[in-house]
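A.B. asks: fold the following for me, if possible:
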Amino acid sequence: MNWEQKVRRTAENKLKVVAVRVEPAIEQRLRLLAEVTGHKQSFFLQQMIERGISAMEETWLPPDMLEQVRGGAFQPRHPANDATPDLFGDPAD
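C.D. replies: As a prediction, this is how the structure comes out:
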């Protein structure tokens, strides 16, 4: 995403907040990276997500769903603004 795209955010494409728990060692590494470079931690998290989500989709999504996601045709079952019942629940549940 370039600078112009960031400036032209509208209500529909506003960035969403996602919470995630990480091991203390990972948080320390992320904090150090942010401090040394002058970027925010959220910048690096966004980079990691953008660069890694394709691999996660290929690993975890069924091929037909992956094709829909990549084509922009897949719609989640629940609207994106629905509250998540247990934000930090066990992923195995």
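
A.B. asks: rest of the way, CA atoms for contacts and neighbours
C.D. replies: Fine.

A.B. asks: residue with max distance from the center of the protein?
C.D. replies: In terms of distance from the mean C-alpha position of the chain, residue 36 ranks first, at 23.2 Å (C-alpha atoms, centre = their mean).

A.B. asks: contact partners of the helix or strand hosting that residue?
C.D. replies: Assigned by DSSP states H and E, residue 36 falls within helix 24-37. With contacts defined as C-alpha atoms under 8 Å, 6 or more residues apart in numbering, helix 24-37 is touched by 39, 40, 41, 44.

A.B. asks: can you check the pLDDT for the most centrally placed residue in the chain?
C.D. replies: For the chain, residue 49 is the residue whose C-alpha lies nearest the centre (C-alpha atoms, centre = their mean; 4.9 Å). Predicted confidence (pLDDT) at residue 49: the value is 95.

A.B. asks: tell me the first helix or strand C-terminal of the helix holding residue 36.
C.D. replies: Going down the chain from helix 24-37, the next helix or strand is helix 41-60, by DSSP H and E.

A.B. asks: and that following helix, which residues are buried?
C.D. replies: Using 16 or more other C-alpha atoms under 10 Å as the test for burial, helix 41-60 gives residue 41.

A.B. asks: cool, stretch 61-79 as well?
C.D. replies: Buried residues in stretch 61-79, defined by neighbour count with 16+ other C-alpha under 10 Å: residue 66.

A.B. asks: alpha carbons of that stretch, as CSV, please.
C.D. replies: The C-alpha trace of stretch 61-79 is given here as CSV (Å, rounded to 0.1, in the frame of the first residue of the first chain):
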residue,chain,number,x,y,z
LEU,A,61,-8.0,-23.1,2.9
PRO,A,62,-9.6,-25.6,0.7
PRO,A,63,-8.6,-25.1,-3.0
ASP,A,64,-12.1,-23.9,-4.1
MET,A,65,-12.3,-21.4,-1.3
LEU,A,66,-8.7,-20.2,-2.0
GLU,A,67,-9.7,-19.6,-5.6
GLN,A,68,-12.7,-17.5,-4.4
VAL,A,69,-10.6,-15.5,-2.0
ARG,A,70,-8.0,-14.7,-4.6
GLY,A,71,-10.7,-13.8,-7.1
GLY,A,72,-12.4,-11.5,-4.6
ALA,A,73,-15.6,-13.5,-4.7
PHE,A,74,-15.5,-15.1,-1.2
GLN,A,75,-17.8,-13.5,1.4
PRO,A,76,-17.4,-14.4,5.1
ARG,A,77,-20.4,-16.0,6.8
HIS,A,78,-20.6,-13.2,9.3
PRO,A,79,-20.2,-9.4,8.6
